[in-house]
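A.B. asks: Model the following, please.
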Amino acid sequence: MAQEIEILLADDSPADVELTVRELRRHKLANHIHVAEDGQEALDFIFCRGPFKNRSFAQPPRVILLDLKMPKVDGIEVLRAIRSDERTRAIPVVILTSSREQRDVIDGYKLGVNAYIQKPVDFDEFRKVIEQIGMFWLVVNEAPPPGAFVGSDQTAP
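C.D. replies: Down below sits the predicted model:
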C-alpha cells in the first residue's frame, strides 16, 4: 500500500488555502492536506502536541507550505522551531508568502528554508505555482523514508 502523502499547509488566508488545496487535489498531488490557520496550530501539529498528541512523529509531513504573516506565532518562528529540533530538521519547508520584505527572504534562508516563493497576485499564475510546487516536492523530490527522523518514536517535549 502506498504511503499517504501528507502536506502541512500553514496559512491564515482562507482564499489562499482554498486555492492551494483545490490545485493540489486537481492535479492529484495530495491524499491528505492538513491546514493550520496559525503558527501555534502548525507547531502543535508538527510536534504532536495538544489536539495532535496522538499523531506519530514516524509519519512527518512530506512538505510544509508555510506562510510568514500568521497570528499567534509567525512563520519565521515556526521555521526556527522546526530547524532547531533534530526530529523535524530534515522536513522540507517551503515558505509560500505574499511578503516582499528582503529581511524575510534572508531570515528564511539563514534558518534553512528549502525554498522561498512569493505568492503571485494573478489567479492563473498562483495556480501554476501551486502545481509546480506539488510536482516538485511530492513527485520529483525523494523524501526521507518514514521513521528516518531522529527520535521518531518519541513523543514531543
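
A.B. asks: Identify the residues contacting the spatially most central residue of the chain.
C.D. replies: Compute the mean C-alpha point of the chain, and by Cα atoms, centre = their mean the closest residue is Ile64, 1.3 Å away. Counting by Cβ atoms under 8 Å, 6 or more residues apart in numbering, Ile64 makes contact with 7-8, 10, 42, 46, 82, 91-94. The C-beta positions use only the backbone N, C-alpha and C, and glycine is treated the same way.

A.B. asks: what about it, is that helix, strand or coil?
C.D. replies: Ile64 falls in the strand class when you classify it by DSSP: H, G, I helix; E, B strand; the rest coil.

A.B. asks: swap in the one 4 residues further on?
C.D. replies: Following three-state DSSP, we place Leu68 in the coil state.

A.B. asks: Just confirm it contacts Arg103, I think it does.
C.D. replies: No - Leu68 lies out of contact with Arg103 (Cβ atoms under 8 Å); the separation is 10.4 Å.

A.B. asks: Just want to know which of those two has more residues nearby.
C.D. replies: Neighbour count, other Cβ atoms under 10 Å: between Leu68 and Arg103, Leu68 has more, with 24 against 9.

A.B. asks: Just give the closest residue to that one, not the sequence neighbours.
C.D. replies: Excluding the flanking residues, the one nearest Leu68 by Cβ to Cβ, 6 or more residues apart in numbering is Gly75, at 3.7 Å.
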